[in-house]
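**Q** dropping a prediction and its sequence here:
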Amino acid sequence: MPGNDFYLSPAQCRAARALIAWSKGDLSSASKIAKATIAGFEAGRLSPDEQTLQGMKRSLEDAGVLFIPENGGGAGVRLARPASASIDTDETETVQYEEYLKNDAPPGAGG
């Protein structure tokens, strides 16, 4: 098994591709790794060397995938938030905009 810094499971690879809508061919083109190697790895038939896993993982990361290490909740993947994101994504905070504070609906409008 490769070192923790470069660990990539077949399930993470499949999930990462699905997250960014990449085919095995897309990953093959981006990583310069044979499509058959990717297919065999994802199916659990092949155990590529660490350099091959690094290449696949790096290509997926460059495309916006963030790999989540095993931390008691299970390893996984998610989309990385772009550095240029200007939207506040703190979902623990409720924001009420002033224009929505007054009730301007006619009587009986419901809702």
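**A** The structure has been received and is ready for your questions. Numbering: from 1, shown residues only.

**Q** CA atoms for contacts and neighbours, from now on please.
**A** Noted.

**Q** give me every residue that touches the closest residue to residue 38 other than its chain neighbours.
**A** Nearest residue to residue 38, sequence neighbours excluded (Cα to Cα, 6 or more residues apart in numbering): residue 24, at 6.7 Å. Applying Cα atoms under 8 Å, 6 or more residues apart in numbering, we find residue 24 in contact with 17, 35, 38-39.

**Q** switch the cut-off to 7 Å
**A** By Cα atoms under 7 Å, 6 or more residues apart in numbering, the contact list for residue 24 reads 35, 38-39.

**Q** secondary structure class of the nearest residue to residue 34 once chain neighbours are set aside, three-state.
**A** Distances taken as Cα to Cα, 6+ apart put residue 28 closest to residue 34, at 5.7 Å, once the chain neighbours are dropped. Using DSSP: H, G, I helix; E, B strand; the rest coil, the structure places residue 28 in helix.

**Q** separation between residue 57 and residue 106?
**A** Taking Cα to Cα, to the nearest Å as the measure, residue 57 falls 57 Å from residue 106.

**Q** got it, and residue 21?
**A** For residue 21, the distance to residue 106 - Cα to Cα - is 46 Å.

**Q** those two: which is more packed in?
**A** Using other Cα atoms under 10 Å, the more surrounded residue of residue 21 and residue 106 is residue 21, with 10 against 7.

**Q** tell me if I am right that that one is in a helix.
**A** No - read with three-state DSSP, residue 21 is coil and lies in no helix.
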